[in-house]
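# Here is my input, please return the structure:
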Amino acid sequence: MADMNDIAGLLGSLLSGGGNGDGGGDDNSDIFGDIDPEMLLKILDIASKMGGNDANTALLTALRPLLKAENRPKLDRAATLMKLISIIPLLRDAGLLS
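Numbers count the residues shown, from 1 in each chain. Okay, here's the model as predicted:
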């Protein structure tokens, strides 16, 4: 979680115009527009969790070589759906779903 705090600090300094050394910061202070840095961190956290394998998708991946070639795309879709379904609670907790 310390890495997320480091990223938050970096984003905060970028958005406030600090850290560029010229003292002005007006040209770069609006680099992200109206994007909320906290929301961006939540999205990055969810995306990182989606990239990993849980026990269910690991099982499906292990079964893949045992299936017929015509059934492998079905397994791939099932694994993708399982990953998407697993992030729904994370999206709700982050306030991204209303």
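# Looking at the record's assignment, how would you partition this structure?
Recorded structural domains for the chain (assignment: automatic domain parsing) are 1-35, 38-98.
# Quick one: end-to-end distance for stretch 45-62.
The first and last residues of stretch 45-62 sit 26 Å apart, counting by CA to CA, to the nearest Å.
# Report the mean per-residue pLDDT for that stretch.
When pLDDT is averaged along stretch 45-62, the result is 80.
# Quick check: buried residues in that stretch?
Using 16 or more other CB atoms under 10 Å as the test for burial, stretch 45-62 gives 46, 57, 60. C-beta coordinates here come from the backbone N, C-alpha and C atoms, glycine included.
# Give me the residues contacting that stretch.
The contact list for stretch 45-62, computed with CB atoms under 8 Å, 6 or more residues apart in numbering, reads 4, 75, 78-79, 82-84, 86-87, 90-91, 94, 96.
# Give me the subset of those residues lying in helices.
Members of the contacts of stretch 45-62 lying in helices (criterion: DSSP state H): 4, 75, 78-79, 82-84, 86-87, 90-91, 94.
# May I ask which two of those are separated the most?
Spatially, the most separated pair among the ones in helices among the contacts of stretch 45-62 is M4 and L75, at 32.9 Å (CB to CB).
# Who wins on neighbours among the ones in helices among the contacts of stretch 45-62?
Greatest neighbour count in those, by other CB atoms under 10 Å, goes to A79: 19 neighbours.
# what's near enough to touch that one?
Contacts for A79 (CB under 8 Å, 6+ apart) come out as 57, 60-61.
# can you list the weak-confidence ranges in the protein?
Within the chain, the set of residues satisfying pLDDT under 70 comprises 1-33, 51-52, 98.
# One more pass at 80, please.
Flagging of the chain using pLDDT under 80 yields the residue ranges 1-43, 45-54, 90-91, 94-98.
# for it, what spans make up the helices?
Assignment of helices within the chain using DSSP H yields the ranges 2-16, 37-51, 55-63, 72-94.
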